[in-house]
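A.B. asks: Just a sequence and a predicted model for now, questions to come.
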Amino acid sequence: MTKSKTIIEAGWNLDNSYARLPKSFFTSHNPTPVRAPKLVIFNDSLAASLGLKNEALKSEEGVEVFAGNQIPEGSSPLAQAYAGHQFGHFTMLGDGRAILLGEQITPQGERFDIQLKGSGRTPYSRGGDGRAALGPMLREYIISEAMHALGIPTTRSLAVVSTGETVIRETDLPGAILTRIAASHLRVGTFEYAAKWGTVEELRALADYTIKRHYPNIDATENRYLSLLREVIKRLAKLIAKWQLVGFIHGVMNTDNMTISGETIDYGPCAFMDTYDPATVFSSIDRQGRYAYSNQPKMAGWNLARFAEALLQLLHDDQEEAVKLAQDTILEFPDLYRHHWLEGMRAKLGIINEEQQDESLIEDLLNMMHKYRADFTNTFRALTFEKLEDTDLHGTEEFVQWTERWKARLDRQQESKVSSLELMKNSNPAVIPRNHRVEEALEAAEQGDFSVMERLLEVLSNPFAHSPEQTEYTTVSEPSDRPYRTFCGT
Ligand code: AMP
Ligand code: MG
């Protein structure tokens, strides 16, 4: 049959290890075909790294896979079951509009989930239509790829197809499907699901699977499930520090949106902070500011506590002992986070060795940035290139004094000015996906013009280049009377 021939030539090399977990963790389910799929954007370099053949995938038949109209060879499509705490409230969830096609084994032997998002209803859809709109899927594509380029662990985006169908939201919108690539889609919520509704054997099967897939080095440790908790804490401490250091606000850090692999997932209402304000919230549904910028580390700790609770049955036969072990381990998170954050902040200021007073030097700068409503990214960029006149802090006596302290601090380290500058250039991005630029790209795309988005993606693909072409992308948006708001895009 010609169809499967093309698909083999596309380089699909799928395994379905998730489908070998106990049946309660998923439902085998095919994507729902769409009427008139068209490839809108395709990630050539990602495809190549996955061992996929770009030309075959971009052909009419190849695109059928990204639309859910064709199942690639070797795939056992399924929807995953999971639960989660949404804004603090526990609930049953699951892939309501996503299908896992399988795991692509790359030529290097790595394993990545291939997931279609927006591919139709599943048994976990509840009231939803299982579909996604073009704007939000392109938004996820842009921001996830920008995060990857910033060196932040994240799921990635391989392709977006428009479906030729309309999705009904507040208005009628063009439908689309995103192909998402992830180290896995295991979430804190997957463990919560197992702990709440599964047997202890099922929970153990999930934990063993996770260890094998993401943490093989702890396989032989004495209490491997406690080690699992500790490893996840370490990865998330690192991840959240990276978010804070670029001003990324996830917006919906529910436990179902917190991976066990330590990758950022689920780009719904996320956005990058421009003006530095710890209380910044963009999501229209986060009315209490639960997931505000400055709360992100605390909320990650809260989510990790839910993970620890879900693991309790595995940690010790005596549940009181188990609770004690979990609590002691969870307590490691704030210090680990702080360590990574401080390390990152030192780098942003070109500081290579460590001094006790560094913390107050950093905090004093942030306080000034808050007070004078300075742009987060551009302040660090201006410090990097010693263009202090480009900061919103310029001209204040406080800033002059702070700058002297900072320069004196740099003079106290042995390393050369050159290595300090290199460190700053590599730690302070020239460009981030600024909200007005992302909106502009999406608006053009919805009108059928993808060139604006392509240029933006190009600029964002090397955020530390500090190239002349990037300059125009560093400007902040015109002040507006209304704060920027994001929507979940469901
Ligand atoms: P999210 O807020 O994107 O993390 O989604 C929370 C839950 O709602 C997940 O279980 C999703 O699968 C589900 N969901 C979101 N949008 C839809 C939709 N349009 N149709 C069905 N389920 C959805
Ligand atoms: Mg989600």
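C.D. replies: In hand now; what should we look at? Ligands and ions are numbered 1, 2, ... in the order given.
A.B. asks: Grab the nearest non-local neighbour of the closest residue to ligand 2 within the chain.
C.D. replies: Distances between the chain and ligand 2 by Cβ to the ion are smallest at residue 266, namely 4.1 Å. Backbone N, C-alpha and C define where each C-beta goes, glycine included. Counting by Cβ to Cβ, 6 or more residues apart in numbering, residue 266 lies nearest to residue 257, which is 4.2 Å off, once chain neighbours are set aside.
A.B. asks: Report how many residues lie close to the residue of the chain closest to ligand 2.
C.D. replies: 23 (other Cβ atoms under 10 Å).
A.B. asks: before we move on, what about the one 4 residues further on?
C.D. replies: Counted with other Cβ under 10 Å, residues neighbouring residue 270 total 25.
A.B. asks: Touching, it and residue 246? I think so.
C.D. replies: No. The criterion here is Cβ atoms under 8 Å, and residue 270 misses it with residue 246 at 11.8 Å.
A.B. asks: contacting residues for the residue of the chain closest to ligand 2?
C.D. replies: Each residue near residue 266 by Cβ atoms under 8 Å, 6 or more residues apart in numbering is listed here: 250, 252, 257.
A.B. asks: What is the subsequent helix or strand relative to the strand or helix carrying residue 306?
C.D. replies: In this structure, residue 306 sits in helix 296-315 according to DSSP states H and E. Note on helix 296-315: by DSSP H and E, the next helix or strand toward the C-terminus is helix 319-330.
A.B. asks: ok, back up a step: for residue 270, see how far away the residue nearest to residue 266 is.
C.D. replies: 10 Å (Cβ to Cβ, to the nearest Å).
A.B. asks: residues shared between the contacts of those two?
C.D. replies: residue 250.
A.B. asks: ok, now which ones touch residue 91?
C.D. replies: Residue 91 touches 83-85, counting by Cβ under 8 Å, 6+ apart.
A.B. asks: Ok, residue 57 next?
C.D. replies: With contacts defined as Cβ under 8 Å, 6+ apart, residue 57 is in contact with 10-11, 42, 47, 63, 65-66, 159.
A.B. asks: Of all pairs in the residues you listed, which one is the farthest apart?
C.D. replies: Pairwise distances across the contacts of residue 57 (Cβ to Cβ) peak at 14.8 Å, for the pair 11 and 63.
A.B. asks: Report the beta-bridge partner residues of the residue nearest the centre of the chain.
C.D. replies: Among the residues of the chain, the one closest to the centroid is residue 264, at 2.4 Å (Cα atoms, centre = their mean). For residue 264, the beta-bridge partners are residue 154 (DSSP bridges).
A.B. asks: Tell me how far it lies from residue 238.
C.D. replies: Distance from residue 264 to residue 238, by Cβ to Cβ: 12 Å.
A.B. asks: Residue 146 now?
C.D. replies: 19 Å.
A.B. asks: and these two? which has more neighbours close in?
C.D. replies: More crowded of residue 146 and residue 238, by other Cβ under 10 Å: residue 146, with 26 against 19.
A.B. asks: Surely that one is within a helix?
C.D. replies: Yes. Counting by DSSP: H, G, I helix; E, B strand; the rest coil, one finds residue 146 located in a helix.
A.B. asks: The longest helix along the chain: how far from the chain's middle?
C.D. replies: Using DSSP state H to define each element, the chain has its longest helix at helix 224-246. Taking the mean of its C-alpha atoms, helix 224-246 sits 13 Å from the chain's own mean (Cα atoms, centre = their mean, to the nearest Å).
A.B. asks: same question, stretch 102-109
C.D. replies: Per Cα atoms, centre = their mean, the centroid offset for stretch 102-109 relative to its chain is 21 Å.
A.B. asks: any idea where the strands of this protein begin and end?
C.D. replies: Taking DSSP state E as the test, the strands found in the chain are 14-15, 26-28, 38-42, 78-80, 83-86, 89-92, 98-105, 111-117, 132-133, 156-168, 172-182, 248-249, 271-272.
A.B. asks: Residue numbers of the protein in contact with ligand 2?
C.D. replies: Within the chain, the residues that sit near ligand 2 (Cβ under 5 Å from the ion) are 257, 266.
A.B. asks: repeat that for 6 Å
C.D. replies: For the chain, the residues in contact with ligand 2 (Cβ under 6 Å from the ion) are 256-257, 266.
A.B. asks: Just the closest of those to residue 446, please.
C.D. replies: residue 266 (21.8 Å).
A.B. asks: okay, that closest one: pLDDT?
C.D. replies: Here the pLDDT value assigned to residue 266 is 97.
A.B. asks: again, but for residue 4
C.D. replies: 50.
A.B. asks: if you look at stretch 298-316, does any of it touch ligand 1?
C.D. replies: No. Applying Cβ under 6 Å from any ligand atom, one finds stretch 298-316 separated from ligand 1 by no less than 13.2 Å.
A.B. asks: swap that for stretch 97-114, sorry
C.D. replies: Yes. Stretch 97-114 lies within reach of ligand 1 by Cβ under 6 Å from any ligand atom, at residue 97.
A.B. asks: which of the residues in that stretch are buried?
C.D. replies: Of the residues in stretch 97-114, 97-106, 112-114 count as buried by neighbour count, 16 or more other Cβ atoms under 10 Å.
A.B. asks: Format those as CSV; extra columns: distance to residue 216 and pLDDT.
C.D. replies: Shown next, in CSV, are the buried residues of stretch 97-114 (distance: Cβ to Cβ, whole Å; pLDDT from 0 to 100):
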residue, distance to residue 216, pLDDT
97, 32, 98
98, 26, 98
99, 27, 98
100, 21, 99
101, 24, 98
102, 20, 98
103, 15, 99
104, 19, 98
105, 16, 98
106, 17, 98
112, 16, 99
113, 17, 99
114, 22, 98
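A.B. asks: which one of those residues sits closest to ligand 1?
C.D. replies: In terms of Cβ to the nearest ligand atom, no member of the buried residues of stretch 97-114 lies closer to ligand 1 than residue 97, at 4.1 Å.
A.B. asks: That closest one contacts residue 118, doesn't it?
C.D. replies: Yes. Between residue 97 and residue 118 there is a contact at 5.6 Å, judged by Cβ under 8 Å.
A.B. asks: Please identify every residue contacting each of the two.
C.D. replies: Here residue 97 and residue 118 share the contacting residues 130-132, scored by Cβ under 8 Å, 6+ apart.
A.B. asks: follow-up on the earlier one: who wins on neighbours among the contacts of residue 266?
C.D. replies: That'd be residue 250 among the contacts of residue 266, by other Cβ under 10 Å, with 25 neighbours.
A.B. asks: Identify the residue nearest that residue in space, chain neighbours excluded?
C.D. replies: Closest to residue 250 by Cβ to Cβ, 6+ apart is residue 270, at 5.1 Å.
A.B. asks: Quick check: the gap between that neighbour and residue 330.
C.D. replies: Separation of residue 270 from residue 330 (Cβ to Cβ): 25 Å.
A.B. asks: Ok, residue 132 next?
C.D. replies: From residue 132 over to residue 330 (counting by Cβ to Cβ), the distance is 35 Å.
A.B. asks: higher neighbour count, those two?
C.D. replies: residue 132 (25 against 19).
A.B. asks: pretty sure the more buried one contacts residue 176?
C.D. replies: Yes. Using Cβ under 8 Å, residue 132 is in contact with residue 176, at 5.8 Å.
A.B. asks: C-alpha coordinates for the helix holding residue 306, CSV please?
C.D. replies: Output of helix 296-315 as CSV, limited to C-alpha atoms (Å, rounded to 0.1, in the frame of the first residue of the first chain):
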residue,chain,number,x,y,z
GLN,A,296,5.9,30.4,41.3
PRO,A,297,8.7,28.8,43.5
LYS,A,298,6.2,28.5,46.4
MET,A,299,3.6,26.9,44.1
ALA,A,300,6.1,24.4,42.7
GLY,A,301,6.9,23.5,46.3
TRP,A,302,3.2,23.0,47.0
ASN,A,303,2.9,20.8,43.9
LEU,A,304,5.9,18.8,45.0
ALA,A,305,4.2,18.2,48.4
ARG,A,306,1.2,16.7,46.4
PHE,A,307,3.7,14.5,44.6
ALA,A,308,5.2,13.4,47.9
GLU,A,309,1.7,12.6,49.3
ALA,A,310,0.9,10.5,46.2
LEU,A,311,4.1,8.5,46.8
LEU,A,312,3.5,7.9,50.5
GLN,A,313,2.4,4.3,50.2
LEU,A,314,5.7,3.5,48.5
LEU,A,315,8.0,5.4,50.8
